[in-house]
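>>> Using only what follows, build the 3D model:
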Amino acid sequence: MDLATPSPTLAGGFVHATTLHADPVVPGRFHLDYEHDWTSLRGVHGGFQAAVAVRAAESVEPDLAVRTLGVSFLRAGVVGPAVVDLDVVRRTRTFATALITIRQGDRPVLTARTTAVTATVGHEWTTPVTDRPAPFPSAVAFTPPMHLPNFGQVRLRLDPDTVPGEGGGGEPRIAGYVRPLDGNDLDAAWLAAAGDWFPPSAFRRVPPPIGGISVDYTVHLHRTITLADDEWLGAVFTTANSVGGLALEHGTLSTHDGVVVAETFHTRWTG
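Numbering: from 1, shown residues only. This is a model prediction of the structure:
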């Protein structure tokens, strides 16, 4: 399964919004406009910006698959023009490591690092995910308590036992199901966004916006999948520790039979 090429069946607004335009003068530089539809609790949705970083890496290394993405959020992205600069700092026959900076005006919004690899057969094993959402028929639609446009860009259902409330004592766990608005093939950029499309699991303990402000976000992409028309990707996110103002959330995205697709590690501010 190839992570490098965006699927033609992953259609609609996400593909349009993450399309980059190469700078005609500066190699490795791209342009796009952040749109209001992709704003969230604090500026432009962090998962969407992570997807933009993936698109940049794919643009310069189209024959490689982005497997790991690490993002540091420096400040909130805002609606309007953004400039993406990418530098491939190492390229071997198997690996490519790239550094990415997204700027708005004269200030960096985020920095990212990607690791991309060629198609490789190695020693492989997969342990099925044991922590799963409640069965899909019991999942409920999620409407955030305030208008957050990014939630309108995906189909999302939550395990009813993990819906965030007013905060204050709930298990810091969010589980549910997600799939694109359009199309069935899930590429690397969409999966990077999907790992940040659920409410933060810290909201089960503390009220928004505490626990929802992203500091760092890492995604490891194990594989791509093609969903059936009635199939959803399962997801579970837990925050076992919040120490000194930083909470670490671990997430898994998996198929209906528990095969892991991607894992996330998300550091959020709880100070």
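>>> Please make it C-alpha for all contacts and neighbour counts, starting now.
Noted.
>>> can you tell me which residues contact Thr39?
Thr39 makes contacts with 45, 78-79, 148-150, as judged by C-alpha atoms under 8 Å, 6 or more residues apart in numbering.
>>> Any buried residues in stretch 99-106, and which?
For stretch 99-106, the neighbour count (16 or more other C-alpha atoms under 10 Å) marks 99-104 as buried.
>>> now the residues you listed as CSV including pLDDT, distance to Leu186 and secondary structure?
Converted to CSV, the buried residues of stretch 99-106 look like this (pLDDT from 0 to 100; distance: C-alpha to C-alpha, whole Å; DSSP: H, G, I helix; E, B strand; the rest coil):
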residue, pLDDT, distance to Leu186, secondary structure
Leu99, 98, 24, strand
Ile100, 98, 22, strand
Thr101, 98, 24, strand
Ile102, 98, 24, strand
Arg103, 98, 27, strand
Gln104, 98, 28, strand
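>>> Including pLDDT, secondary structure and neighbour count, could the contacts of Thr39 go into TSV?
Output for the contacts of Thr39, formatted as TSV (pLDDT from 0 to 100; DSSP: H, G, I helix; E, B strand; the rest coil; neighbours: other C-alpha atoms under 10 Å):
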residue	pLDDT	secondary structure	neighbour count
His45	96	coil	26
Val78	97	coil	19
Val79	97	coil	15
Leu148	89	coil	18
Pro149	92	helix	16
Asn150	92	helix	18
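>>> closest to Ala112 among those?
Using C-alpha to C-alpha, His45 comes nearest to Ala112 of the contacts of Thr39, at 15.2 Å.
>>> Touching, the closest one and Trp38? I think so.
Yes: counting by C-alpha atoms under 8 Å, His45 touches Trp38, with 5.8 Å between them.
>>> Overlap in contacts, these two.
Contacts common to His45 and Trp38, judged by C-alpha under 8 Å, 6+ apart, are Asn150.
>>> any chance of the contacts of Thr39 in TSV, plus distance to Leu233?
Formatted as TSV, the contacts of Thr39 follow (distance: C-alpha to C-alpha, whole Å):
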residue	distance to Leu233
His45	20
Val78	29
Val79	29
Leu148	22
Pro149	21
Asn150	18
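>>> And the buried residues of stretch 99-106, which is closest to Arg55?
Ile100 (10.7 Å).
>>> The closest one reaches Phe73, doesn't it?
No: Ile100 is not in contact with Phe73 according to C-alpha under 8 Å; the separation is 12.0 Å.
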